[in-house]
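Trainee: Sequence and predicted structure below; questions after.
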Amino acid sequence: MERLVLFDIDGTLLTSNGVAARAFRAALEEVFGTSGPRSGYSFAGKTDPQIAHDLLRAAGVDEERILEGLEGVWEHYLAAFARDCRRECVEVFPGVHPLLDRLEAEPERAVLGLLTGNVREGARLKLEAAGIDFGRFRVGAFGSDHAERTELPALAVHRAEALLGRRFSGKEIVIIGDTPLDIACGAHLGVRTIAVATGTYTEAELAACGPDHLFPSLADTAAVWRAIFG
């Protein structure tokens, strides 16, 4: 019955109400003099390195220069986000706290983890600004680990095995997210997917991606619990 439960952050657990995106674009401007196209591009479901590459390539920045400047982008981005983000800027979605509390209360059944495109320090800053202890998530895979979202689930599984001495597989691995990329990224591992329509995608759009379970939010703790362990 044990599950490795991997949560996305933005659009799933919380929203920074645009603070993170503004800090990200400001960092690109600071380092590269451009933040790429201002419209027609969605950050949703992508890793931070992928977002940076996409926007900068669209602005004509060559790959070598992008790679040389990324560390500076993260430095400026994290500093700006830490400065501008206050708890009142961050909205935690309905049901998040009760669900995390219930899962954490039964560590023999559920291992809490993160599966997010955020660089690791960005993930920590967002969660702690929302009043969610970063340390309660025992494993994680982040955009700073790999630019490709599809590489992150296997990394989280590997880290869980190293920590616990137990290999999770198939439907024992649960990915909870708000975008089609969250639903798709673990398909090669046969994971259980729970989609939640608290981000930018509607329930109809998420349903078309074929998640195992779909909820308008995480507010119904009992129903989400059944989806995780059913």
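Mentor: Received the coordinates, thanks.

Trainee: For the residue nearest to L164 when sequence neighbours are not counted, which phi and psi angles does the backbone take?
Mentor: Setting aside the residues directly before and after it, L164 is nearest to V111 in space (C-beta to C-beta, 6 or more residues apart in numbering), at 6.9 Å. Using the backbone N, CA and C atoms, a C-beta is placed for each residue, glycine as well. Main-chain torsions, V111, degrees, to the nearest 10: phi -110, psi 120.

Trainee: Check A110 too.
Mentor: With angles defined as degrees, to the nearest 10, A110 sits at phi -140, psi 130.

Trainee: Distance from the chain centre to the helix or strand encompassing L55, please.
Mentor: Using DSSP states H and E, L55 sits in helix 48-58. Chain-centre distance of helix 48-58: 17 Å, with C-alpha atoms, centre = their mean, to the nearest Å.

Trainee: State the distance from the residue nearest to the spatial centre of the chain to R149.
Mentor: The centre of the chain sits closest to T116, judged by C-alpha atoms, centre = their mean, with a distance of 2.6 Å. The spacing between T116 and R149, counted by C-beta to C-beta, to the nearest Å, is 9 Å.

Trainee: Please enumerate the helices of this protein.
Mentor: 19-32, 48-58, 63-84, 96-104, 120-129, 152-164, 180-184, 203-207, 221-229 (DSSP state H).

Trainee: Redo the ones you listed as CSV? Include distance to G170.
Mentor: Output for the helices of the chain, formatted as CSV (distance: least, C-beta to C-beta, whole Å):
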stretch, distance to G170
helix 19-32, 33
helix 48-58, 27
helix 63-84, 34
helix 96-104, 19
helix 120-129, 26
helix 152-164, 11
helix 180-184, 16
helix 203-207, 22
helix 221-229, 14
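
Trainee: Of all those, which one comes closest to V174?
Mentor: helix 221-229 (5.3 Å; C-beta to C-beta).

Trainee: which stretches of this protein have low pLDDT?
Mentor: 1 (pLDDT under 70).

Trainee: In space, what's closest to I228 - neighbours in sequence excluded?
Mentor: V174 (5.3 Å).

Trainee: again, but for L127
Mentor: F134 (4.9 Å).

Trainee: okay, now the one you found: neighbour count?
Mentor: 15 (other C-beta atoms under 10 Å).

Trainee: and it, what is it in contact with?
Mentor: A123, R124, L127, E128 (C-beta atoms under 8 Å, 6 or more residues apart in numbering).

Trainee: same question, R87
Mentor: By C-beta under 8 Å, 6+ apart, the neighbours of R87 are A129, A130, G131.

Trainee: I'd like to know which of those are buried.
Mentor: Buried members of the contacts of R87, counted by 16 or more other C-beta atoms under 10 Å: A129, A130.

Trainee: rewinding a little: mind giving me the packing neighbours of the helix holding L55?
Mentor: Under the contact criterion of 3 or more C-beta pairs under 8 Å, 6 or more residues apart in numbering; DSSP states H and E, helix 48-58 touches helix 19-32, helix 63-84.

Trainee: Mean neighbour count and distance to R138 added to those helices, as CSV?
Mentor: Below are the helices and strands packed on helix 48-58 laid out as CSV (neighbours: other C-beta atoms under 10 Å; distance: least, C-beta to C-beta, whole Å):
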stretch, mean neighbour count, distance to R138
helix 19-32, 20, 24
helix 63-84, 16, 23
